[in-house]
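Peer 1: Just to be clear, the model below is a prediction. Sequence and coordinates:
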Amino acid sequence: MAHPREPSFHAAAAAAAAAAAAAAAAIAPSLQRHEASTAGPSRPPRARRNPTQAPRDGKSENVPPPFPWATNHRATVHSLDFLLSRKIEIITGAVQCKRCEKQYEMGFNLREKFVEVGTFIAENKSSMHDRAPSVWMTPVLPTCKYCEQENSVKPLISEKKKSINWLFLLLGQMLGCCTLEQLKYFCKHTKNHRTGAKDRVLYLTYLGLCKQLDPNVAGLESGIQGVVQWIHNDFF
Ligand SMILES: [Zn+2]
């Protein structure tokens, strides 16, 4: 007499085995993919953006420093103290003559030019009324070293705002060559007001950069005399 359960048992066992095999086959590729993504060098894992540091527009606040004197934070330069301690004393930038159109690099002495800017602010701040004076709005440009044309060398400002050479523009007092949009970018990333006319935003950019160079000076908002005093005390 045949055992009616036996074939059905075998059938059930076979079906179970087939199902297990099918399941294993279905799982295996994903396991392989997982192993490849964690161990395989051919497909490097994508860098994860830290959500706490990413602004709402999806761009990171941190960027590769575009210059030795810039930090990895957008629109931010190192302090004067930091730069001079590392012997970074000449700040260079790309320029182009408006007459002969030659492009070249020129450099500013960090210490000397910062004293110039600081002294100018100290002497004129009370009459500025939080707005850039005309000499900042329409800067007198350097003389071309090739054709010797006066007021002719304009800074070549990077189209990528994260690569703008802010310190070079400050030291040459050529920040006025920036567009309103570029100046607003500076203020946006340095937590300043960023509305208003160009003379207002330009003024904030000048003072903001001076503050970056000397973050420890007290009372910069009420007068930059402290900056100049500090430079004289420490460096002269
Ligand atoms: Zn020239």
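Peer 2: Structure received.
Peer 1: The chain: strands as residue ranges?
Peer 2: Remark: strands assigned in the chain by DSSP state E are 90-97, 103-109, 153-155.
Peer 1: Would you map the helices across the protein?
Peer 2: In the chain, the helices defined using DSSP state H lie at 5-39, 80-85, 110-128, 134-137, 166-171, 180-189, 198-213, 225-235.
Peer 1: Which of these comes out lowest on mean pLDDT?
Peer 2: Lowest mean pLDDT within the helices of the chain: helix 5-39, at a mean of 43.
Peer 1: So which residues on the chain come close to the ion?
Peer 2: 97, 99, 100, 144, 146, 147 (C-beta under 5 Å from the ion). To be clear about C-beta, it is placed using only N, CA and C from the backbone, and glycine gets the same treatment.
Peer 1: Could you identify the most distant pair in the residues you listed?
Peer 2: 99 and 146 (9.1 Å; C-beta to C-beta).
Peer 1: picking that back up, dump the residues of the chain next to the ion into JSON lines; add neighbour count as well.
Peer 2: Below are those laid out as JSON lines (neighbours: other C-beta atoms under 10 Å):
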{"residue": "97", "neighbour count": "21"}
{"residue": "99", "neighbour count": "14"}
{"residue": "100", "neighbour count": "13"}
{"residue": "144", "neighbour count": "21"}
{"residue": "146", "neighbour count": "14"}
{"residue": "147", "neighbour count": "13"}
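Peer 1: How is this structure partitioned into domains?
Peer 2: 1-41, 80-235 (automatic domain parsing).
Peer 1: Tell me which residues touch residue 169, please.
Peer 2: By C-beta atoms under 8 Å, 6 or more residues apart in numbering, the residues touching residue 169 are 93, 155, 157, 175, 177, 178.
Peer 1: top of those residues by neighbour count?
Peer 2: Greatest neighbour count in the contacts of residue 169, by other C-beta atoms under 10 Å, goes to residue 175: 28 neighbours.
Peer 1: Hmm, residue 203 and that residue touching each other?
Peer 2: No. Contact criterion C-beta atoms under 8 Å: residue 175 and residue 203 do not qualify, at 9.7 Å.
Peer 1: Residues in contact with both of those two, list them for me.
Peer 2: Listed as contacting both residue 175 and residue 203 by C-beta under 8 Å, 6+ apart are residue 136.
Peer 1: Grab the nearest non-local neighbour of residue 168.
Peer 2: residue 93 (3.3 Å; C-beta to C-beta, 6 or more residues apart in numbering).
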